[in-house]
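In: I would like to see how this sequence folds:
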Amino acid sequence: MSMSNLTVENLILSQVMKNESFARKTLPFIKEEYFLEETDRVVYKAIRSYIEKYNTIPSKESLIISLSDDRSINESVFKKSCESIEDMYQAGNEQDEQWLIDTTENFCKEKAVYNAIMESIHIIDGKSKSKTANAIPEILTEALSVCFDPHIGHDYLEDSDQRYEFYHKVESKMPFDLEFFNTITSGGTPTKTLNVVMAGTGVGKSLFMCHHAANCLAQGKNVLYITCEMAEERIAERIDANLMDVTLDDLKQLPKIMYDKKVDKLRESIKGKLIVKEYPTATANVNHFRHLLEELRLKKSFVPDVVFVDYLNICASARMKNTGSVNSYTMVKSIAEELRGLAVEYNIPLFTATQTNRQGFSSTDVDLTDTSESFGLPATADFMFALISTEDLDEMGVVMVKQLKNRYNDAASNRKFLVGINRSKMKLFDSEDSTALVQSNQTELKKNGSGFDGSNFDEKFSSKNKESDFSSWNI
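Out: Next up, the predicted model:
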């Protein structure tokens, strides 16, 4: 085979046969369907099979013998394949390896896109039995993402400099607008994390997520809010009340001209975007969310910085069918793992919520064991906290926050604190009472190693014990 007749496919195959370093760097990314000629596919399949079995590149003779033992190819293809092997072994060897790798990467990208386009046309023509037109964006996205990744792990001794840089790298975080939340998370939630708020019905799960979504939007971040519980308009209404600083009741009475002025003012000050998407309860899973993310990227050039899913227990699992044979522990744990996987895949912090069980609903000291349906959820979450409300707390206009799990900081520090709450405006704010509570608790911890445990919380908040300096709390 003369060099003038040498195709890219022939070049790649000849180098895979003879250059072990090149073969090990490129074979994980080369697919059989990238070769259009049947002879090239047969030769590639034989080479790959040999390397996978014997962990070394094949000789010319071993390849020909392997092909002769393959009963799935006919005599004509066998002869052409043998001739091709002979020609490729005679092709020149002096090639720059990096140039070869770059050329092979471009070849794989082009073939992946070509195959994706052809498959999309096949789907559009109605010739696919298993896929619909909705699958086309995902097929094209996967093809466009083809690339060679040379990283195959962290070498403890060789990569020590990289590790040192990692230790001193300032991590990108999504900060809160609440002092104690920033304190316990060391400045906010990092990307690739699952963050869970747990509370009983009506305590404020959705309120917290709407408030933090509004806070992220105000920071100029792109926010995606997925709701499986309330209508899109209800979520937007809550965020309106928060950002416009009006009550839900007043919002409904607001004249159109005043409402437009407030929206225009928000439009001037807010640089980010908020998209709210509603799914029917218990029908949407992480694949639906992934498809939504890709559609938003392609159709609206919208890439979220943070995602809220309201809420986990009423999502579906992409891996398991919700039948009587699957218990709630396995189902909820599966959904949690899938959501965390989505956060890692898209490099975002993801917030969701869960209910307390029956025991936790009436408890003033919620714990991890009060998680509804599955203890597998806190095992998967990176950060999990409970919102606790009582009549006395409601009178004070606060809600108690209790850390349940924290991978960002020491969960024993500031384990419990108070946050001001304005339910009519869907807002949370820093509370002076919380500072007094935490300072008193820390003083007691230093004194005898034990702190306020919340067991007699109602008693401490009784009408005769509401001094602002917490002098009667004995904590």
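In: from here on, contacts and neighbour counts on C-alpha atoms
Out: OK.
In: Quick check, central residue of this protein?
Out: Centroid-nearest residue in the chain: Ala343, 1.0 Å away (criterion: C-alpha atoms, centre = their mean).
In: Tell me who's in contact with the residue nearest to that one when sequence neighbours are not counted.
Out: Spatial nearest neighbour of Ala343, excluding adjacent residues (C-alpha to C-alpha, 6 or more residues apart in numbering): Lys192 at 4.7 Å. Counting by C-alpha atoms under 8 Å, 6 or more residues apart in numbering, Lys192 touches 340, 343-350.
In: circling back: find me the pLDDT at the residue nearest to the centre of the chain, would you?
Out: Looking at Ala343, its pLDDT reads 93.
In: swap in Leu404?
Out: As predicted, Leu404 sits at a pLDDT of 90.
In: How is the residue nearest to the centre of the chain assigned, secondary-structure-wise?
Out: Look at Ala343: counting by DSSP: H, G, I helix; E, B strand; the rest coil, its state is helix.
In: how close does it get to Ser68?
Out: Distance of Ala343 to Ser68, given as C-alpha to C-alpha, to the nearest Å: 49 Å.
In: and if you look at Phe351?
Out: 58 Å.
In: these two touch, right, Tyr89 and Ile12?
Out: No: with contact defined as C-alpha atoms under 8 Å, Tyr89 does not count as touching Ile12 (11.6 Å).
In: The two - which one has more neighbours?
Out: When Tyr89 and Ile12 are compared for neighbours, Ile12 comes out ahead with 21 against 17, by other C-alpha atoms under 10 Å.
In: So for that one, what's the nearest residue that isn't a sequence neighbour?
Out: Take Ile12 and drop its neighbours on the chain: the residue closest to it by C-alpha to C-alpha, 6+ apart is Thr104, 6.8 Å away.
In: what helix or strand is Lys299 on?
Out: Per DSSP states H and E: Lys299 is located in helix 286-300.
In: Next, the angle from the next helix or strand after that helix to helix 286-300.
Out: Next helix or strand after helix 286-300 toward the C-terminus (DSSP H and E): strand 306-310. With axes from the mean of the first three to the mean of the last three C-alpha atoms, to 10 degrees as the basis, strand 306-310 and helix 286-300 are set at 130 degrees to each other.
In: so what strands line up beside strand 306-310?
Out: With DSSP bridges as the test, strand 306-310 is paired with strand 223-227 (parallel), strand 349-355 (parallel).
In: Adding mean pLDDT and distance to Phe148, write those out as CSV.
Out: Listed next are the strands paired with strand 306-310 as CSV, based on pLDDT from 0 to 100; distance: least, C-alpha to C-alpha, whole Å:
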stretch, mean pLDDT, distance to Phe148
strand 223-227, 94, 31
strand 349-355, 92, 27
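In: Could you provide those in CSV, with additional columns for mean neighbour count and distance to Lys31?
Out: Shown next, in CSV, are the strands paired with strand 306-310 (neighbours: other C-alpha atoms under 10 Å; distance: least, C-alpha to C-alpha, whole Å):
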stretch, mean neighbour count, distance to Lys31
strand 223-227, 24, 35
strand 349-355, 25, 34
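In: do you know which of these lies nearest Phe176?
Out: Nearest to Phe176, of all the strands paired with strand 306-310, is strand 349-355, at 12.4 Å by C-alpha to C-alpha.
In: buried ones in stretch 22-40?
Out: Neighbour counts over stretch 22-40 (16 or more other C-alpha atoms under 10 Å) mark 22-23, 26, 30, 34-35, 39-40 as buried.
In: and that stretch, how far out from the chain's middle?
Out: Stretch 22-40 sits 31 Å away from the centroid of its parent chain (C-alpha atoms, centre = their mean, to the nearest Å).
In: For that stretch, measure first residue to last.
Out: 18 Å.
In: contact partners of that stretch?
Out: Stretch 22-40 is contacted by residues 9-10, 13, 15-17, 41, 44-45, 48, 57, 77, 80-81, 84, 97, 100-101, 104, 108, 111-112, 115, 147-148, 150 when judged by C-alpha under 8 Å, 6+ apart.
In: Which residues does the longest strand anywhere in the chain contact?
Out: Counting by DSSP state E, the longest strand found in the chain is strand 398-406. Where contact means C-alpha under 8 Å, 6+ apart, the residues beyond strand 398-406 that reach it are 185, 366-368, 378, 381-389, 393, 411, 415-421, 431.
In: strands paired with that strand, and their directions?
Out: Strand 398-406 pairs in its sheet with strand 383-388 (antiparallel), strand 416-422 (antiparallel), by DSSP bridges.
In: hey, C-alpha coordinates of that strand in CSV?
Out: The C-alpha coordinates for strand 398-406 follow below in CSV (Å, rounded to 0.1, in the frame of the first residue of the first chain):
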residue,chain,number,x,y,z
VAL,A,398,-38.2,32.0,64.1
VAL,A,399,-37.6,28.5,63.0
MET,A,400,-34.9,26.2,64.5
VAL,A,401,-32.2,24.7,62.2
LYS,A,402,-30.5,21.5,63.3
GLN,A,403,-27.5,20.1,61.4
LEU,A,404,-27.9,16.4,60.7
LYS,A,405,-25.0,15.7,58.4
ASN,A,406,-22.3,18.0,57.2
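In: I'd like the distance from that strand to the chain centre, please.
Out: The answer for strand 398-406 is 23 Å, by C-alpha atoms, centre = their mean.
In: what's the burial count for Gly376?
Out: Gly376, neighbours per other C-alpha under 10 Å, totals 19.
In: In contact with it, which residues?
Out: Here Gly376 is in contact with 329-330, 332-333 (C-alpha under 8 Å, 6+ apart).
In: Look through the protein and tell me its longest helix.
Out: The helix spanning the most residues in the chain, taking DSSP state H as the definition, is helix 97-124.
In: Any stretches of the stretch 51-200 of the chain with poor pLDDT?
Out: For the stretch 51-200 of the chain, applying pLDDT under 70 flags the ranges 91-94, 149-152.
In: one more time with 80, if that's ok
Out: Scanning the stretch 51-200 of the chain for pLDDT under 80 picks out 89-95, 144-154, 166-171.
In: And the strands in it?
Out: In the stretch 51-200 of the chain, the strands defined using DSSP state E, counting those that start in this stretch lie at 173-174, 189-190, 193-199.
In: Parallel or antiparallel, list what pairs with the longest one.
Out: Using DSSP bridges, the neighbouring strands of strand 193-199 in the sheet come out as strand 349-355 (parallel), strand 383-388 (parallel).
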